[in-house]
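>>> Okay, sequence plus prediction incoming.
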There are 2 protein chains.
Amino acid sequence: MDEKEIPSLAEIHIAASHLRSISLPITPILTSTLLNTLTGRNVYLKCENFQRTGSFKSRGALNAVLNAMKVDPNLKGFVTHSSGNHGQALAYAASIVKRPCVVVVPQGTPKNKLDAIENYGAEIVICEPIPASRTSVCLQISQERGFLIIPPFDHPDVIAGQGTIAVELLDQVPNLDAILVPVSGGGLISGIALYTKRINPNIRIYACVPEGKMLEECLKEEKRLWPEPSQFLKTKCEACRLQQCGILTFPIMCSLVEKQVFVISDKIMINATRFAFERLKLVIELAAGLSLGALLTYFDQLDPNIRNVGIILCGGNIDLSVPLPWLQEDNQ
Amino acid sequence: MDEKEIPSLAEIHIAASHLRSISLPITPILTSTLLNTLTGRNVYLKCENFQRTGSFKSRGALNAVLNAMKVDPNLKGFVTHSSGNHGQALAYAASIVKRPCVVVVPQGTPKNKLDAIENYGAEIVICEPIPASRTSVCLQISQERGFLIIPPFDHPDVIAGQGTIAVELLDQVPNLDAILVPVSGGGLISGIALYTKRINPNIRIYACVPEGKMLEECLKEEKRLWPEPSQFLKTKCEACRLQQCGILTFPIMCSLVEKQVFVISDKIMINATRFAFERLKLVIELAAGLSLGALLTYFDQLDPNIRNVGIILCGGNIDLSVPLPWLQEDNQ
């Protein structure tokens, strides 16, 4: 990995100023007496479900698009592949700089996410639901139309954009001891870790993943033990179906993220999502149920010295035009 | 009406100190760029859905119970009638002062509300779903067991407790021009109006009610035009089924609340609730859809001088063990 590919502290601060320049909201921190009582910790919920486009992904996409337009103001457009949230975020970011955008999505992406992408004026191209297909379709469109590819996680500007969450969180919550982060490709946790560890290396960053991710093994051996070609996991959480972390993000995770990984079953994830709806009155998507589920179920496995815990509620784009996950027959 | 029955400014401040004494949360204000853009106003959501017990009702119940215990520390217990939220709130308040509590509820109250009442250790008594029945059953239990009746809205301490919302709101949002408030018995809007109008008489307080409430006619004539005996409205919103406002609250409303009333159909209320879930990522109950629905649908009927609008999202106790309202067959 090229060291220049790892975002510096300055680049994360520049990302934060990019987001401020278009008035992207600083998402609030919410607390819950119930959650504190249940877990015996002070819990701080970083509500990226309230972020524009409904997830943290707008941060990375905006930073990448705004940086690209600085380098080449004549850029023709943008293209990406995404199971939904990054697609929606890039569509939004492209609309901010008034450029066309194509989003390649795998078959089976929920309708609410497709609608949201189209509402931002982007064009949708459906591909086969295997990792290799979406990469090749994306490349083809980029070559044919001269659009710049903005990948969902494996890009320095995307990682720097996600890091702005930590810029806000460390300002909002003094004395944080740990942050629990849902992980799919690893862009979110890499950005958060890169900023946090440079500001305060004592803050521990934990990954929360679906079953079958093999992340703990990979982090402990600091090796990509995943089978090739890249697979999708069997999880209800579409946003976290990718088994492998990125080429750029994985080494960052190896050096900055705790080796202890929270592996979350779909049942725990769905129960945590229900807890957020019923008890916290927050609409979150299943991926956010990874970090909340880790806290609710495994809080006794956290070092007792960890008093103040940040939970990244990464997004709120759950399809509400179909029954809630816990009312779907195959989840009961 | 006895003037002494109307809470003074001092009594609302005492209520606020009561709530602080047991660390009841100050509920946050959330804002939404989307909501501001759609309505052309600056909208401030007062999130009582995040309040303990899931609605604003814990404020009034706690103030009434804490005041009663000051007067008679040997009080045996508490009893009330309620379609759910006040019952839950009184059960919680009684548990804080370690006293037994009976809650009389009409048949058909959603299971999630009954469970919540029982979880706070209160006893439930089911009565017929007509206003006369719940009053008489409540009185009987009070006489048999020597429990103090804390009514859902027509009580000075309950009204003063709900007024603490305005104490927080006016502190959190400077330059507020109007507040939109869901109305059933009128305790919430009376408390808010009593505080707000004394601090700044230019802030306008608007009532938002289900169809059939006849509130605008009554306010304009300053007369109780409602048919006797008191009726329940045909609305999906259980919390706002009572047609009549209180004996104590109605005169307060006549003198302090705008004569223009927002009458909200069930369809608008359900659409607004869906908007809160899907776009604001907030779990709210249908009653909160009254004030949000009024804003979303009738914002062009608000005086254009009204720039900064407070919306009371009164609660979040919607039954999530059954299909969401917009997925229920009879609501489509």
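Arrived safely, thanks for sending. Quick caveat, the model's predicted, so the values are computed rather than measured.
>>> In chain A, which helix is the longest?
Ranked by residue count and defined by DSSP state H, the top helix of chain A is helix A:156-172.
>>> For it, which helices and strands make contact with it?
Contact here means 3 or more CB pairs under 8 Å, 6 or more residues apart in numbering or on different chains; DSSP states H and E; on that basis helix A:156-172 packs against helix A:9-21, strand A:42-47, helix A:57-71, helix A:187-199. For every residue, glycine as well, the C-beta is placed using N, CA and C.
>>> If we use 6 Å, what do you get?
helix A:9-21, helix A:57-71, helix A:187-199 (3 or more CB pairs under 6 Å, 6 or more residues apart in numbering or on different chains; DSSP states H and E).
>>> Residue B:110: which of those is closest?
helix A:57-71 (35.6 Å; CB to CB).
>>> Now render the helices and strands packed on helix A:156-172 as CSV, adding mean pLDDT.
Formatted as CSV, the helices and strands packed on helix A:156-172 follow (pLDDT from 0 to 100):
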stretch, mean pLDDT
helix A:9-21, 97
helix A:57-71, 98
helix A:187-199, 98
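>>> Identify the residues contacting stretch A:69-86?
With CB atoms under 6 Å, 6 or more residues apart in numbering or on different chains as the contact definition, stretch A:69-86 has outside contacts at A:55, A:57, A:68, A:90, A:94, A:97, A:99-104, A:109, A:113, A:134, A:138, A:141-142, A:146-150, A:152, A:238-239, A:315, A:317.
>>> Just the buried positions in it, please.
Within stretch A:69-86, the residues scored as buried using 16 or more other CB atoms under 10 Å in any protein chain shown are A:69, A:75, A:77, A:78, A:79, A:80, A:81, A:82, A:83, A:84, A:85, A:86.
>>> What is the nearest of these to chain B?
residue A:85 (13.2 Å; CB to the nearest CB).
>>> contacting residues around stretch A:203-210?
A:176, A:178-180, A:182-183, A:189, A:193, A:196, A:215, A:233, A:235, A:237, A:240, A:257-258, A:261-262, A:264, A:290-291, A:294.
>>> per-residue confidence averaged over it?
The average pLDDT within stretch A:203-210 is 98.
>>> so residue A:47 sits right up against residue A:28, yeah?
Yes: under the criterion of CB atoms under 6 Å, residue A:47 makes contact with residue A:28 at 5.5 Å.
>>> Please identify which of these two sits among more neighbours.
Under the neighbour definition other CB atoms under 10 Å in any protein chain shown, residue A:47 and residue A:28 were set side by side, and residue A:47 has more, 24 against 15.
>>> Would you mind listing the residues in contact with the residue nearest to the more buried one when sequence neighbours are not counted?
In space, and not counting its chain neighbours, residue A:47 is closest to residue A:27: 5.0 Å by CB to CB, 6 or more residues apart in numbering or on different chains. Shown in contact with residue A:27 (CB under 6 Å, 6+ apart): A:47, A:48, A:50, A:51.
>>> The closest residue to the second one other than its chain neighbours - how many residues pack around it?
If I follow you right, that is residue A:48. Leaving out its chain neighbours, the residue that sits closest to residue A:48 by CB to CB, 6+ apart is residue A:56, at 4.0 Å. When counting by other CB under 10 Å, one arrives at 31 neighbours for residue A:56.
>>> And for residue A:125?
Residue A:125 has 16 neighbouring residues, counting by other CB under 10 Å.
>>> so it bridges to which residues?
Note on residue A:125: beta-bridge partners by DSSP bridges are residue A:104.
>>> Quick check, it in contact with residue A:106.
No: distance between residue A:125 and residue A:106: 10.6 Å, which falls outside the contact criterion (CB under 6 Å).
>>> Give me every residue in chain A lying close to chain B.
A:49, A:50, A:277, A:278, A:281, A:283, A:316, A:320 (CB under 6 Å from any CB of the partner chain).
>>> hmm, which two among these are most spread apart?
Put simply, by CB to CB the two of the residues of chain A next to chain B set farthest apart are A:50 and A:278, 18.6 Å from each other.
>>> Would you mind telling me which of those two has the busier surroundings?
Between residue A:50 and residue A:278, residue A:50 has the larger neighbour count (other CB under 10 Å), namely 24 against 20.
>>> list the buried ones in stretch A:274-294?
Going by 16+ other CB under 10 Å, stretch A:274-294 has these buried residues: A:274-278, A:280-294.
>>> ditto for stretch A:118-127
Neighbour-count burial for stretch A:118-127 [16+ other CB under 10 Å]: A:120, A:122, A:124, A:125, A:127.
>>> do the same with stretch A:208-219
Result for stretch A:208-219 [16+ other CB under 10 Å]: buried residues A:208, A:209, A:210, A:213, A:214, A:215, A:216, A:218, A:219.
>>> now, which of the residues you listed sits nearest residue B:250?
Checking these against residue B:250 with CB to CB, the nearest one is residue A:208 at 52.5 Å.
>>> Which secondary structure state does the closest one sit in?
Following DSSP: H, G, I helix; E, B strand; the rest coil, the label given to residue A:208 is strand.
>>> so what's it bridging to?
As assigned using DSSP bridges, the partners bridged with residue A:208 are residue A:182, residue A:262.
>>> how close does it sit to chain B?
Applying CB to the nearest CB, to the nearest Å, the value for residue A:208 to chain B is 20 Å.
>>> distance of that residue from residue A:172?
Counting by CB to CB, to the nearest Å, the gap from residue A:208 to residue A:172 is 21 Å.
>>> if we can go back for a sec, and the buried residues of stretch A:118-127, which two are furthest apart?
Once CB to CB is applied, the buried residues of stretch A:118-127 give A:120 and A:127 as the farthest pair, at 19.6 Å.
>>> Please parse chain A into its domains.
With domains defined by automatic domain parsing, chain A comprises A:3-55+A:155-331, A:57-149.
>>> Just put those in CSV and tack on distance to residue B:306.
Converted to CSV, the domains of chain A look like this (distance: least, CB to CB, whole Å):
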stretch, distance to residue B:306
domain A:3-55+A:155-331, 23
domain A:57-149, 29
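>>> still on that earlier bit, among the buried residues of stretch A:69-86, which ones are in strands?
Counting by DSSP state E, the buried residues of stretch A:69-86 place A:78, A:79, A:80, A:81 in strands.
>>> Quick check: buried residues in stretch A:100-115?
Of the residues in stretch A:100-115, those buried (16+ other CB under 10 Å) are A:100, A:101, A:102, A:103, A:104, A:105, A:106, A:109, A:110, A:112, A:113, A:114.
>>> hmm, back to that, weakest of the domains of chain A by average pLDDT?
For the domains of chain A, the weakest mean pLDDT is recorded on domain A:57-149, namely a mean of 92.
>>> measure it end to end?
Length of domain A:57-149, first residue to last, CA to CA, to the nearest Å: 15 Å.
>>> now swap in stretch A:162-181 and tell me
Chord length of stretch A:162-181, first to last residue, is 12 Å (CA to CA).
>>> quick one: contacts of that stretch?
For stretch A:162-181, the external contacting residues (CB under 6 Å, 6+ apart) are A:12, A:15-16, A:19, A:26, A:29, A:44, A:46, A:59-60, A:187-189, A:191-192, A:194-196, A:199, A:203-206, A:208, A:291, A:294-295, A:306-312.
>>> Pull out the buried residues from it.
Using 16+ other CB under 10 Å as the test for burial, stretch A:162-181 gives A:162-170, A:173, A:176-181.
>>> and if you look at stretch A:24-31?
Applying a neighbour-count criterion of 16+ other CB under 10 Å, one finds A:24, A:26, A:27, A:29, A:30, A:31 buried in stretch A:24-31.
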